[in-house]
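**Student:** Okay, here's the prediction I keep looking at, along with the sequence it came from:
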2 protein chains.
Amino acid sequence: MLHHASQEQLSQRELELHEKFERARQAGLNLDMTRGKPAPAQLDLADALLTLPGTGQFLDDSKTDCRNYGGLDGLPAMKQLFAEILGCTREDVIVGGNSSLTMMHDAIARGVLFGVPGGDQPWGQQGTVRFLCPAPGYDRHFEITGHLGFELVNVDLNEDGPDMDRVETLVADGSVKGIWCVPRYSNPTGITYSEEVANRLARMKAAPDFRIIWDNAYAEHHLGDARQAVPDILSACRDAGHPDRPLLFTSTSKMTHAGAGVSAMAASPTNIADARRHLAVQTIGPDKINQLRHLLFFKDLAGVRSHMAKIAAILKPKFDLVQEILERDLGGKGIATWSKPNGGYFVSVNTPDDCARTIIDLAAQAGVKLTPAGAPFAYGLDPQNRVIRLAPSFPPIEDVRQAMEIFTLCVELAAVRQRLAG
Amino acid sequence: MLHHASQEQLSQRELELHEKFERARQAGLNLDMTRGKPAPAQLDLADALLTLPGTGQFLDDSKTDCRNYGGLDGLPAMKQLFAEILGCTREDVIVGGNSSLTMMHDAIARGVLFGVPGGDQPWGQQGTVRFLCPAPGYDRHFEITGHLGFELVNVDLNEDGPDMDRVETLVADGSVKGIWCVPRYSNPTGITYSEEVANRLARMKAAPDFRIIWDNAYAEHHLGDARQAVPDILSACRDAGHPDRPLLFTSTSKMTHAGAGVSAMAASPTNIADARRHLAVQTIGPDKINQLRHLLFFKDLAGVRSHMAKIAAILKPKFDLVQEILERDLGGKGIATWSKPNGGYFVSVNTPDDCARTIIDLAAQAGVKLTPAGAPFAYGLDPQNRVIRLAPSFPPIEDVRQAMEIFTLCVELAAVRQRLAG
């Protein structure tokens, strides 16, 4: 334990680590652990899409010519597949374009411009409005609400979801209009929301135009056989008398080809009707050929799951290796803790307070790019400057090994130096 | 000439027409001339897309893996192709998703939420703001600005573009923030803007945050060899000292598969930078695989043009037939005038004042669906109730013949009855 080391022991260790660091620095590596991008081998698994829907294939199972205009909210079979992924009915679903992030942005932008069902006024005309950002969380979520004029409020993300005592206190103020949630294998800590948290989100007293943005981005992205159940937020809110509170989102982006997939939103009939009213003005409808392509590729939910098992077979060794090196190099030293996700795309490391930026700088000097410190927090500011997000999906496994060894070295080096200085 | 007919001649003609109408009504036809949709034969021409980009084809010519995330505004080659279609440079272009209508909506929604370069305030915070709607025009354009809170102002669309005397008078009021333009083969009258109109649009005194929405939807949609030149609005505005005034749009939707194509916007560097700043929050970037698919299909501008010549070969006989029947049945009768477009998707008919709704109702009774009266005007209200839009692209040519014969019958019947009543 670093905590019990003498000054002399610390100095000695600093020297060893510094030498290793210098050797790494001189090796001139160029490794990137910043982005939650699928590896080429994952993308290869979906390459059948490159020749789909196939010669003469342009009718869906309801005989719609997918090559022509028509259809505002998706093919019936595509709605059905997303309904099964999200645990709702086909009628709850609107199919979107290639980006669920865009669907979320647009849903919130509509609230700013026009308001949402239950509200008296557009969010944009209510003076100061706030949005809750469970952190560590997904930077691009927080940016959407920051950009659209909300004041962002960090809330601690615990092992079972956001700190609900804090959330309940905050939403008692009617200026709080929503909360960002990644309910399964959250980005970046990998936690899954508990039933209890979902029920408290559903039941709590909040503004009538309060919305839960329930981004089930990793709905089918398990790393092992332990499929963590995700709460049914639509039913929970309906049962609690707040049927219009949740807006659910998901996409195929990290299933098939990232950025060339299909996205979806699900919500109450009132929210869906409201969204359709605006979408009828905004769009001619989403790309039906790409929906058909994905339907022919997946066939059904079982097809999605067998595909995702193949994806997991590629990802799991990388995630296992990350755990192995973290445990080997940092275990028992009292320096860091880290998440052990059962799915998703990230591992989150808590380093000593005030060390994250230093570690990320050191790693960069040694040729390892990491997600900027603070990214998982509102306004990009980690109040304790200690969280680092690791994204092991994209690099080849040998790069993951090298990058992780440099990372753990930098963590320990920063921790030892802090101790020496303090 | 109906004008010179006696009451007796009119009564006799009414009787003949009424009998023909009753026979048509009893035939129980079901014909649809409402929508500017491509015919299946047009879509067939692009069916190579159904198996593109093809096995192992996922790199663009700059070696980008189009299957993965990355790239906010389109592949370089896609930008280049759209630049050639729009007559600008690659740097002026942002590639979008499957709908240029969405790109236009979003550009205007950004102006409402955030303002546009040159403006002091978001459009949404300036009190009453207005948008000019050259009419007859495209209903979905007008709906976007109506929905987003603008007061819509009809301006006559002449043979060479909007009535510029009127436009110049209106835009002298700083509350006017933009004008909708379809510069080539305008929907529905088929006119093309003159250089003179474009220069006046470029030079006129308008609010610094005034925008010309230049929807070049029919940029390559010629019906014959006479390619009407379209003014270069980007250069005209730059030369006039208003480089940020125009926003150009186009798409492949009526070239390949409608609703499954690629769209683009072009504008000044300042406007492009402003759009990118917002798009970086709204989207992960447009579908690159679909861009690659279209690039492999078209290859280059010559490929676009040879494809569009095949499309024209399907459309032209329908448009010729429409002209033939209009001329045969209504020519010289002093009842109606109509457009004779060299491209685009529509024919616009001016019937006697106060007759459009009656004619559309009669046609519906006889089994021919027409675009609702008023659709081409702001708020869906034709102040003279006389314009009818015909869309002959989708039905088979025999249906176009039947529909047109019923249409001309209904026009004459309504005109004769009006005359008798008056």
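**Tutor:** Alright, I've got the coordinates.

**Student:** Would you verify that residue A:178 is located in a helix?
**Tutor:** No - read with DSSP: H, G, I helix; E, B strand; the rest coil, residue A:178 is strand and lies in no helix.

**Student:** pretty sure it contacts residue A:211?
**Tutor:** Yes - between residue A:178 and residue A:211 there is a contact at 4.3 Å, judged by C-beta atoms under 8 Å. Quick note: C-beta positions are derived from backbone N, CA and C, even for glycine.

**Student:** The top strand by length along chain A pairs with which strands?
**Tutor:** Secondary structure of chain A per DSSP state E: the longest strand is strand A:151-158. Next to strand A:151-158 in the sheet, as set by DSSP bridges, lie strand A:130-135 (parallel), strand A:161-162 (antiparallel).

**Student:** Report the mean confidence score over that strand.
**Tutor:** Average pLDDT, strand A:151-158: 98.

**Student:** And for stretch A:11-22?
**Tutor:** Averaging pLDDT along stretch A:11-22 gives 97.

**Student:** which other residues reach that stretch?
**Tutor:** A:5, A:362, A:366, A:409, A:410, A:412, A:413, A:416, A:417, A:420 (C-beta atoms under 8 Å, 6 or more residues apart in numbering or on different chains).

**Student:** how about it: buried residues?
**Tutor:** Of the residues in stretch A:11-22, A:13, A:14, A:17, A:20, A:21 count as buried by neighbour count, 16 or more other C-beta atoms under 10 Å in any protein chain shown.

**Student:** could I get that stretch in CSV with only the CA atoms?
**Tutor:** Taking Å, rounded to 0.1, in the frame of the first residue of the first chain, the C-alpha atoms of stretch A:11-22 are listed here in CSV:
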residue,chain,number,x,y,z
SER,A,11,11.7,7.9,-3.8
GLN,A,12,13.1,4.5,-4.8
ARG,A,13,9.8,3.6,-6.5
GLU,A,14,9.6,6.9,-8.3
LEU,A,15,13.1,6.3,-9.7
GLU,A,16,12.1,2.8,-11.0
LEU,A,17,8.9,4.1,-12.5
HIS,A,18,10.5,7.1,-14.0
GLU,A,19,13.1,4.9,-15.8
LYS,A,20,10.3,2.7,-17.1
PHE,A,21,8.4,5.8,-18.2
GLU,A,22,11.5,7.2,-20.0
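
**Student:** now that stretch, how far from the chain's geometric center?
**Tutor:** Offset of stretch A:11-22 from its chain centre (C-alpha atoms, centre = their mean, to the nearest Å): 36 Å.

**Student:** Over to stretch A:92-109?
**Tutor:** The answer for stretch A:92-109 is 15 Å, by C-alpha atoms, centre = their mean.

**Student:** tell me how far the ends of it are from each other?
**Tutor:** Terminal residues of stretch A:92-109 lie 20 Å apart, using C-alpha to C-alpha, to the nearest Å.

**Student:** With stretch A:57-72 instead?
**Tutor:** OK, stretch A:57-72 end separation, C-alpha to C-alpha: 21 Å.

**Student:** List, one by one, the residues from the stretch 201-350 of chain A near chain B.
**Tutor:** Residues of the stretch 201-350 of chain A lying near chain B by C-beta under 8 Å from any C-beta of the partner chain: A:253, A:257-260, A:278, A:281-290.

**Student:** quick one on the thing from earlier: tell me the two of the contacts of stretch A:11-22 that are most distant?
**Tutor:** Using C-beta to C-beta, the contacts of stretch A:11-22 span at most 23.5 Å, a distance reached by A:5 and A:366.

**Student:** neighbour-wise, which of those two wins?
**Tutor:** Neighbour comparison, residue A:5 and residue A:366: the larger count goes to residue A:366, with 26 against 17 (by other C-beta atoms under 10 Å in any protein chain shown).

**Student:** Not counting its neighbours along the chain, what's nearest that one?
**Tutor:** Among residues not flanking residue A:366 along the chain, residue A:24 sits closest, at 4.3 Å (C-beta to C-beta, 6 or more residues apart in numbering or on different chains).

**Student:** Helix or strand with the lowest mean pLDDT in chain A?
**Tutor:** Least confident helix or strand of chain A, by mean pLDDT, DSSP states H and E, is strand A:31-32 with a mean of 94.

**Student:** Now flag whichever of the buried residues of stretch A:11-22 is closest to chain B.
**Tutor:** Nearest to chain B among those, counting by C-beta to the nearest C-beta, is residue A:21 at 30.8 Å.

**Student:** measure stretch A:323-337 end to end?
**Tutor:** First-to-last residue span, stretch A:323-337, C-alpha to C-alpha: 11 Å.

**Student:** which residues sit against that stretch?
**Tutor:** By C-beta under 8 Å, 6+ apart, stretch A:323-337 touches A:1-3, A:338, A:340, A:347, A:349-352, A:401, A:404-405, A:408-409, A:411-412, A:415.

**Student:** rerun that using 7 Å as the cut-off
**Tutor:** A:1-3, A:338, A:340, A:349-352, A:401, A:404-405, A:408, A:411-412, A:415 (C-beta atoms under 7 Å, 6 or more residues apart in numbering or on different chains).

**Student:** How far off centre is it?
**Tutor:** Stretch A:323-337 has its C-alpha centroid displaced from the chain centroid by 24 Å (C-alpha atoms, centre = their mean).

**Student:** ditto for stretch A:102-118
**Tutor:** 20 Å.

**Student:** Would you mind listing the outside residues contacting that stretch?
**Tutor:** With C-beta under 7 Å, 6+ apart, stretch A:102-118 has contacts from A:96, A:121-124, A:144-145, A:148-149, A:208-209, A:211, A:213, A:215, A:244, A:247, A:249, A:263, A:265, A:270-271, A:274-275, A:278, B:109, B:112-113, B:281-283.

**Student:** Just the buried ones from the residues you listed, in PyMOL syntax?
**Tutor:** Here is the PyMOL selection string for the buried members of these, based on 16+ other C-beta under 10 Å:
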select buried, (chain A and resi 96+122+123+124+144+145+148+149+209+211+213+215+244+247+249+263+265+271+274+275+278) or (chain B and resi 109+112+113+281+282+283)
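
**Student:** out of the contacts of stretch A:102-118, which are inside helices?
**Tutor:** The members of the contacts of stretch A:102-118 that map onto helices under DSSP state H are A:144, A:145, A:270, A:271, A:274, A:275, A:278, B:109, B:112, B:113, B:281, B:282.

**Student:** Report the two of the residues you listed separated the most.
**Tutor:** A:270 and B:281 (27.1 Å).

**Student:** For the longest strand of chain A, list every residue counted as buried.
**Tutor:** Neighbour-count burial for strand A:151-158, counted by 16+ other C-beta under 10 Å, picks out A:152, A:153, A:154, A:155, A:157, A:158.

**Student:** what's in contact with the least confident helix or strand of chain A?
**Tutor:** Here strand A:31-32 makes contact (C-beta under 7 Å, 6+ apart) with A:367, A:368, A:369, A:394, A:395, A:399, A:402, A:403.

**Student:** now the strands: where do they sit in the stretch 101-250 of chain A?
**Tutor:** Taking DSSP state E, counting those that start in this stretch as the criterion, the stretch 101-250 of chain A carries its strands at A:130-135, A:151-158, A:161-162, A:176-181, A:211-215, A:246-251.
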